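need a 3D model of the sequence below.
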Amino acid sequence: MTTISAFQYVPPFAQGVVRDLRVRWALEEAGLPYQSRLIGPADQQSPDYLALQPFGQVPVMQDGELTMFESGAIVLHIAQRSAVLMPKDEAGRARATTWIFAAVNTVEVPLQQLAMLDLFFADEEWARLRRPGALEEVRKRLGQLAAWLGQRDYLDGAFSAGDLMMTTVLRMLRHTSIVDDYPALKAYQLRCEARPAFQKALRDQMAAFEKA
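The predicted structure follows:
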């Protein structure tokens, strides 16, 4: 059975946004069973784990002889096995892949920078000085994304792995009300998060923290 690594515990501000959620969601959408391997700080730096993930991060996915890390790469791999996550036509699959990369390369970078400033360095003077510029970059990307989305339900036709990745990226701003300023994006995020597969993935991730 497929195994994914996940944290035994993270602080409340990180619960529900750790990147194994993306892989859990993709597996649920694809109808593929899996089990989780919960790890702690000591495991992250152990030789055994570093042999699987050289940076000590989560998630790692192990499926038979295949071992993968990086959530975007794993989601893409899963999506290629799922008609729910990837269109059947070649052009549609290419566009869905494009949106996966857009989520992690173009949108996630500024959103994560703002989240880091707010959640890890809020008391630092340099962070307070940097935040207005970081916020401007976030609003620029969200405005562009909202303009593309327009009246669409999803980024490109039906729900795909691109929407899955983009939704998890938008969740990085849940400690703010910034997404609320873009009604189309907020409705889009809620639409994606209402999917039963997302709800199941979120419950399973949170269950580990509740036991810690």
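
rest of the way, CA atoms for contacts and neighbours
OK.

and the longest helix anywhere in the chain, what's buried?
Longest helix of the chain, by residue count under DSSP state H: helix 125-149. Buried residues in helix 125-149, counted by 16 or more other Cα atoms under 10 Å: 127, 131, 134-135, 137-139, 141-143, 145-146, 149.

how far away is the residue positioned nearest the centre of the chain from residue 94?
Centroid check for the chain by Cα atoms, centre = their mean gives residue 168 as the closest residue, at 3.6 Å. For residue 168, the distance to residue 94 equals 20 Å [Cα to Cα, to the nearest Å].

one more: residue 182?
Between residue 182 and residue 94 the computed distance is 27 Å (Cα to Cα).

of these two, who's got more company?
Neighbour tally, residue 182 and residue 94, criterion other Cα atoms under 10 Å: the higher count belongs to residue 182, 17 against 13.

contacts only, for that one.
For residue 182, the contacting residues are 142-143, 146, by Cα atoms under 8 Å, 6 or more residues apart in numbering.

that one and residue 142, how far apart?
From residue 182 over to residue 142 (counting by Cα to Cα), the distance is 8 Å.

please apply the same query to residue 25.
Taking Cα to Cα, one finds residue 25 at 23 Å from residue 142.

export only the CA atoms of the helix or strand residue 164 falls within, formatted as PDB.
Counting by DSSP states H and E, the secondary-structure element that holds residue 164 is helix 161-170. Taking Å, rounded to 0.1, in the frame of the first residue of the first chain, the C-alpha atoms of helix 161-170 are listed here in PDB:
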ATOM      1  CA  ALA A 161      -5.000  18.700 -10.000                       C
ATOM      2  CA  GLY A 162      -4.200  22.300 -10.800                       C
ATOM      3  CA  ASP A 163      -7.200  23.400  -8.800                       C
ATOM      4  CA  LEU A 164      -6.100  21.100  -6.000                       C
ATOM      5  CA  MET A 165      -2.700  22.600  -5.800                       C
ATOM      6  CA  MET A 166      -4.000  26.200  -6.100                       C
ATOM      7  CA  THR A 167      -6.500  25.700  -3.300                       C
ATOM      8  CA  THR A 168      -3.900  24.400  -0.900                       C
ATOM      9  CA  VAL A 169      -1.700  27.500  -1.800                       C
ATOM     10  CA  LEU A 170      -4.600  29.900  -1.000                       C
END
